[in-house]
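K.L.:
here you go, sequence then predicted model.
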Number of protein chains: 2
Amino acid sequence: MTAAPEAIKVSTEAPQKCCSLLSGPLQPHDAERIAGTLKALADPTRLRVLSHVAAQGCDAVCACDLVEVLDISQPTISHHLKKLVEVGLLVREQRGRWAHYSVVREAFAELRNFLDLG
Amino acid sequence: MTAAPEAIKVSTEAPQKCCSLLSGPLQPHDAERIAGTLKALADPTRLRVLSHVAAQGCDAVCACDLVEVLDISQPTISHHLKKLVEVGLLVREQRGRWAHYSVVREAFAELRNFLDLG
DNA sequence: CCGACTGATTGATACGCGTCAATGTATGGT
DNA sequence: ACCATACATTGACGCGTATCAATCAGTCGG
């Protein structure tokens, strides 16, 4: 009976509370949270992964494609994709044997907003 | 005769070549460079530092203020400020005994541009 | 000159993380 | 049922770095 295939659970589906570098002194708690997202972004391999996924626009990209294109071992790709999903920069969609990934535009928009110095 | 006090030398005063997640597949070299800047940003302590400096708008902030406000040891603050200057997110200006720091708006604008998914 | 102050540097410690080989877990074809 | 395929997980290794105490290097006041 094909149990509903468990939507992936990321931290919080709710959009992160909006913070900016200009909105008053940054509380340690907020600093930790935003730094977490930025850490996921601050890796050359993950940037290349994101670049390839983002380049597909609306289409989702399957992990096997990334392994071929980027010339990086499959476990490493899987590791990076997981981190990017955990912080909400990517979403994962399982289709049969294949895992498809696509970018979360809102997450990037929030980061851009955070970096806005007015 | 007050020798000109040697403007701080960061990597390159030239604005970084413009890259975006959408402008074709990201080359490993560019990925390294941008990840370097993001790594400097991806630390809660440095985010708090930046928040305080950015909050001063045009005025530069002296390091001693940061030590007081953030309740972090002076060597640690100095270490973080150095990293932020190295990647070009802050500039340092020495005035007598005091070192004043201010944000580089262009650097933040470039990051925002990089994160723009259209 | 000397002492007080600002801030950078050094050294040590601890922890996180990127990477891959090996293995595990589903899924689908035959 | 069986085997190949697509990913995920585990374990291990190495390297970078955040942190602070101690020390060093300039700079001003007296």
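P.N.:
Noted; the coordinates are in hand.
K.L.:
tell me the helices and strands packed up against the helix or strand where A:His79 lies.
P.N.:
A:His79 belongs to helix A:74-86 when assigned by DSSP states H and E. Contact partners of helix A:74-86 among helices and strands, from 3 or more Cβ pairs under 8 Å, 6 or more residues apart in numbering or on different chains; DSSP states H and E: helix A:28-41, helix A:44-55, helix A:63-70, strand A:90-95, strand A:98-103. (Each C-beta comes from the backbone N, C-alpha and C, glycine too.)
K.L.:
for B:Leu90, which of these is the nearest?
P.N.:
The closest of these to B:Leu90 is helix A:28-41. By Cβ to Cβ, the value is 16.2 Å.
K.L.:
does anything pack onto that closest one? Which helices or strands?
P.N.:
Against helix A:28-41 (3+ Cβ pairs under 8 Å, 6+ apart) you get helix A:44-55, helix A:74-86, helix A:105-114, helix B:28-41, helix B:44-55.
K.L.:
can you list the weak-confidence ranges in chain A?
P.N.:
A:1-17 (pLDDT under 70).
K.L.:
residue numbers of it in contact with DNA strand D?
P.N.:
A:62-64, A:67, A:74-75, A:77-79, A:81-82, A:92, A:97-100 (Cβ under 7 Å from any atom of the strand).
K.L.:
can you lay out the helices and strands packed on helix A:74-86 as JSON lines showing mean neighbour count?
P.N.:
Putting these into JSON lines (neighbours: other Cβ atoms under 10 Å in any protein chain shown) gives the following:
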{"stretch": "helix A:28-41", "mean neighbour count": "19"}
{"stretch": "helix A:44-55", "mean neighbour count": "22"}
{"stretch": "helix A:63-70", "mean neighbour count": "16"}
{"stretch": "strand A:90-95", "mean neighbour count": "16"}
{"stretch": "strand A:98-103", "mean neighbour count": "18"}
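K.L.:
quick check: which of those is nearest to B:Gly118?
P.N.:
The nearest among the helices and strands packed on helix A:74-86, by Cβ to Cβ, is helix A:44-55 at 8.8 Å.
K.L.:
is that closest one positioned near chain B?
P.N.:
Yes: applying Cβ under 8 Å from any Cβ of the partner chain, one finds helix A:44-55 touching chain B at A:Pro44, A:Thr45, A:Leu47, A:Arg48, A:Leu50, A:Ser51, A:His52, A:Ala54, A:Ala55.
K.L.:
list the contacts of the helix holding A:His79.
P.N.:
A:8, A:10-11, A:40, A:43, A:45-46, A:49-50, A:63, A:66-67, A:70, A:90-92, A:99, A:101 (Cβ atoms under 8 Å, 6 or more residues apart in numbering or on different chains).
K.L.:
with adjacent residues omitted, what lies nearest to the spatially most central residue of chain A?
P.N.:
For chain A, the residue sitting closest to the mean C-alpha position, by Cα atoms, centre = their mean, is A:Leu89 at 2.1 Å. Nearest residue to A:Leu89 in three dimensions, chain neighbours excluded: A:Ala107, at 5.0 Å (Cβ to Cβ, 6 or more residues apart in numbering or on different chains).
K.L.:
my read is that the one you found contacts A:Gly88, right?
P.N.:
Yes: in this structure, A:Ala107 is within contact of A:Gly88 by Cβ atoms under 8 Å, at 4.9 Å.
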